[in-house]
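Colleague: structure for this input, please:
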Amino acid sequence: MNPLCGRCNRVVYPTEKVNCLDKYWHKGCFSCEVCKMTLNMKNYKGFDKKPYCNAHYPKTNFTSVADTPENLRLQQQTKMQSNVYYKEDFEKNRGKCFTSLADTPEFQRVKKMQNTISNVKYHEDFEKAKMGGVAPQQPSGPSPAAFQPSAGSQNNYDTASESVGQATGGPTSGSGKRYRAVYDYAAADEDEVSFVDGDVIMDVHQIDEGWMYGRVERTGQQGMLPANYVEAI
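Modeller: The predicted model follows:
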């Protein structure tokens, strides 16, 4: 059975049949919906299953939204939500972009020194609150690491201490002086010496205003010690 034409609704015979846009057309009926210009398979444009020429092809128009108070409120709310999400992401990732430090022996030594200084400060504040007295302050001079002999050096620690004293202008005299510990001190590094309140420090050399070098009479150990933890005998 022959199909019907999509425009005139008459029977379309095979010799004049055009199959397009899911319909069958007579060759003469396959024309533009607006200007009625006869079309073919090369120059037609389909819209809503109807043929159009290039000039009369319907243009798609976007629906404009009026700037009503409700639309403005929604726009402002969307903008605020975007800012909130941005701040959340910023706070979430804050501090994650950092340069990792190599876990070297030097880095471990500095980390250990910082932890020890924090512990010393905590105990000073605790003793100050407990006794109502004035606890000793952590030496403000250079850290003991500044006076370590360089790797491969054959000089002993006394020579290094005297060299530091001459370079900084600090007193290097005082060899053979005796000091008494007035506070307990735990060595923060391997080049320091530990002692308790009342220990006698022998052969003391002054390095700078904050640090000395001496030998604990009770233990025989020698090393660096904070100057404000001891007093001269």
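
Colleague: so how many other residues sit close to residue 44?
Modeller: 21 (other C-beta atoms under 10 Å). C-beta: built from backbone N, CA, C; applies to glycine.

Colleague: thought it was touching residue 51?
Modeller: Yes. The pair residue 44 and residue 51 qualifies as a contact (C-beta atoms under 8 Å) at a distance of 4.6 Å.

Colleague: what touches both of those two?
Modeller: Common neighbours of residue 44 and residue 51 are listed as 20, 30 (criterion: C-beta atoms under 8 Å, 6 or more residues apart in numbering).

Colleague: which residues touch residue 200?
Modeller: So residue 200 contacts 178-181, 216-218, 233 (C-beta under 8 Å, 6+ apart).

Colleague: between the residues you listed, which has the most around it?
Modeller: residue 179 leads the contacts of residue 200 on contacts (other C-beta under 10 Å) with 21 neighbours.

Colleague: domain map for the chain?
Modeller: 1-58, 157-233 (automatic domain parsing).

Colleague: which stretch in the ones you listed has the least confidence?
Modeller: Lowest mean pLDDT within the domains of the chain: domain 157-233, a mean of 79.

Colleague: of the contacts of residue 200, which belong to strands?
Modeller: 178-181, 216 (DSSP state E).

Colleague: next, the distance between the ends of stretch 198-211.
Modeller: In stretch 198-211, first residue to last residue: 18 Å (C-alpha to C-alpha, to the nearest Å).

Colleague: in it, what's buried?
Modeller: Within stretch 198-211, the residues that count as buried by 16 or more other C-beta atoms under 10 Å are 199-201, 204-208, 210-211.

Colleague: show me the helices in the chain, by range?
Modeller: In the chain, the segments counted as helices under DSSP state H are 69-93, 105-131, 157-168.

Colleague: JSON lines please, covering the domains of the chain and showing distance to residue 118.
Modeller: Shown next, in JSON lines, are the domains of the chain (distance: least, C-beta to C-beta, whole Å):
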{"stretch": "domain 1-58", "distance to residue 118": "77"}
{"stretch": "domain 157-233", "distance to residue 118": "11"}
